[in-house]
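Peer 1: A predicted structure for the sequence below; I have some questions about it.
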Amino acid sequence: MRIGQGFDVHAFGEGDHVMLGGVRVPHSQGVLAHSDGDVVLHALCDAMLGALALGDIGKHFPPSDPAWRGADSRRFLRAVAAMLAERGYELGNADITVVCEAPKVGPHAQAMRETIAEDLGVDIDRISIKATTTETLGFTGRREGIAALATVLVLHT
Ligand SMILES: Nc1ccn([C@@H]2O[C@H](COP(=O)(O)O)[C@@H](O)[C@H]2O)c(=O)n1
Ligand SMILES: C[C@@]1(CO)OP(=O)(O)OP(=O)(O)OC[C@H]1O
């Protein structure tokens, strides 16, 4: 059993939705990113990579690589899951916190859990999605961007 943690931030920009946990969430803004800017999946990938000391998402999917421009971050998650499987590991559980004043995450949390569980091939009860504001403090409080934190356990299969 090994533990990993991940953290990601994207600034808000022009747009009408944000991708969170592979789910399209309507919002008054989008995010600035090379890929689809899904902070939930990026933090989760980093946590899973970190658990096996495999570096980070930027090492495997460099922002300098045009192949990842506008990429669906579910591709990153499935690729990271395959890296774990090659080494004899699977996700034990993931606990993820999204930090933003808006959009509200709660109404979309179940869909996000279902999407992540499907991509990882695990039961949905292994995936936790939570959210918090920062009570208007800091960059998330000023609605300048959105952040996510992920903690995982990975298990030897
Ligand atoms: N983007 C968010 C932020 C919060 N929630 C839900 O609201 C609850 C209260 O948030 P506080 O920051 O005021 O503690 C929080 O526990 C979440 O259930 C949300 O859905 N989306
Ligand atoms: C996801 C990648 C893909 O090029 O780019 P971004 O979408 O900009 O996301 P970020 O979390 O800033 O960096 C990691 C990159 O691997």
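Peer 2: Now that the structure is in, tell me what you want to look at. Ligands and ions are numbered 1, 2, ... in the order given.
Peer 1: give me the number of residues near the closest residue to residue 26 other than its chain neighbours?
Peer 2: Distances taken as Cβ to Cβ, 6 or more residues apart in numbering put residue 17 closest to residue 26, at 5.3 Å, once the chain neighbours are dropped. To be clear about C-beta, it is placed using only N, CA and C from the backbone, and glycine gets the same treatment. Residue 17 is flanked by 16 other residues according to other Cβ atoms under 10 Å.
Peer 1: and if you look at the one 5 residues further on?
Peer 2: Using other Cβ under 10 Å, the number of residues around residue 22 comes to 20.
Peer 1: Give me every residue in the chain that's in contact range of ligand 1.
Peer 2: Contacts of the chain with ligand 1, taken as Cβ under 6 Å from any ligand atom, map to 100, 104, 105, 106, 131, 132, 133.
Peer 1: Which one of those residues is nearest to residue 93?
Peer 2: residue 131 (17.9 Å; Cβ to Cβ).
Peer 1: what helix or strand is the closest one on?
Peer 2: For residue 131, the element it lies in under DSSP states H and E is strand 127-132.
Peer 1: Let me see the contact set for the residue nearest to residue 26.
Peer 2: The contact partners of residue 17, taken as Cβ atoms under 8 Å, 6 or more residues apart in numbering, are 24, 25, 26, 27, 30.
Peer 1: Equivalent analysis for residue 34, please.
Peer 2: Applying Cβ under 8 Å, 6+ apart, one finds that residue 34 lies in contact with 63, 68, 69, 71.
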